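> coordinates only, sequence not included:
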């Protein structure tokens, strides 16, 4: 039986950031889709310059309902793979009984995981400033470059920024920080298998946060795995060496789905 992989992007990255992972999975016989968030259709260049009339009001509830509705229309439950906020959405969807397995990469944690506020430690005060929850937020190139100084050449960083970095609704940062609409039942024994992935040099979602997230699932008999990649940053799905991350997730998925 052919398995569909549903890739869910997080804040800042466009859905096209999954192109490399998708090609890897398709080579192994998977069908891959990477739909964008609501109100996020179009190339990054256009999204960075668009007026964004309704985008500031986009919250986590609307985003997860968008993906839940898509999954319910599928003939078979898909494998879910998400990055950052997308990784949080993967956990929430699995908790709802959607998806045959899930992989959460550098995931913002659900409500109840401590220290949750640390996921935004580098965003304060810019993205937690008063009133930013009702504005469109932008990721400045200098700040983005600073996070890649040890991993990529400057020209490669600029290309990555041009191809993939898009604005984000400020509302999601407040909702993620304060656990608004991000509840997960960590004791859910019926949840499908979940893999949590951390990156050693991640300054946005630190490895200790992912580990804390993982430990909360000790309350459940459902399968939960944890993997930390040494030397990688928060952008491990697009930075050099992404192949190692992708191949690890494929091996894990094939083990869970019995596709050897």
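Everything's here; your move. For clarity, every value in this text was computed on a predicted model and none was experimentally measured.

> alpha carbons only for contacts and neighbour counts from here, please
Noted.

> what's around residue 251, how many residues?
Neighbours of residue 251 under the rule other C-alpha atoms under 10 Å: 13.

> ditto for residue 39
14.

> Same question for residue 229.
For residue 229, using other C-alpha under 10 Å, the count is 16.

> residues in contact with it?
Shown in contact with residue 229 (C-alpha atoms under 8 Å, 6 or more residues apart in numbering): 197, 198, 199, 200, 245.

> Can you identify each of the helices in the stretch 151-260 of the chain by residue range?
Assigned by DSSP state H, counting those that start in this stretch, the stretch 151-260 of the chain shows helices spanning 154-164, 171-178, 207-216, 242-257.

> What lies in contact with the first one?
Residues outside helix 154-164 that contact it (C-alpha under 8 Å, 6+ apart): 12, 13, 14, 15, 16, 17, 44, 45, 141, 144, 145, 148.

> least confident pick among these?
Minimum pLDDT across these is recorded for residue 148, with 64.

> Excluding chain neighbours, give the residue nearest to the most centrally placed residue in the chain in space.
Centroid check for the chain by C-alpha atoms, centre = their mean gives residue 83 as the closest residue, at 1.9 Å. Computed as C-alpha to C-alpha, 6 or more residues apart in numbering, the closest residue to residue 83 that is not its neighbour in sequence is residue 105, at 4.7 Å.

> confidence score at that neighbour?
pLDDT, residue 105: 98.

> Was I right to think it contacts residue 82?
Yes: using C-alpha atoms under 8 Å, residue 105 is in contact with residue 82, at 6.0 Å.

> rewinding a little: possible to save the helices of the stretch 151-260 of the chain as CSV with distance to residue 73 and mean pLDDT?
Formatted as CSV, the helices of the stretch 151-260 of the chain follow (distance: least, C-alpha to C-alpha, whole Å; pLDDT from 0 to 100):
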stretch, distance to residue 73, mean pLDDT
helix 154-164, 28, 84
helix 171-178, 26, 89
helix 207-216, 30, 96
helix 242-257, 21, 96
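
> Residue 49 is nearest to which of those?
helix 154-164 (12.3 Å; C-alpha to C-alpha).

> Buried ones in the closest one, by neighbour count?
For helix 154-164, burial by neighbour count (16 or more other C-alpha atoms under 10 Å) applies to 157, 160, 161, 163, 164.

> show me where pLDDT drops low in this structure?
1, 51-52, 115-131, 147-151, 259-260 (pLDDT under 70).

> Run through the strands of it in chain order.
4-8, 31-33, 79-83, 101-105, 136-137, 168-169, 194-199, 224-229 (DSSP state E).

> Pick the most deeply packed of those.
Of all those, strand 101-105 carries the top mean neighbour count, a mean of 28, counting by mean count of other C-alpha atoms under 10 Å.

> and that one, which strands flank it?
Sheet pairing for strand 101-105, assigned by DSSP bridges, gives strand 79-83 (parallel), strand 194-199 (parallel).

> Please work out which residues outside it touch it.
78-84, 86-88, 90-91, 94, 192-198, 249, 253, 256-257.

> since we're on residue 174, how many residues are nearby?
Residue 174: 19 neighbours (other C-alpha under 10 Å).
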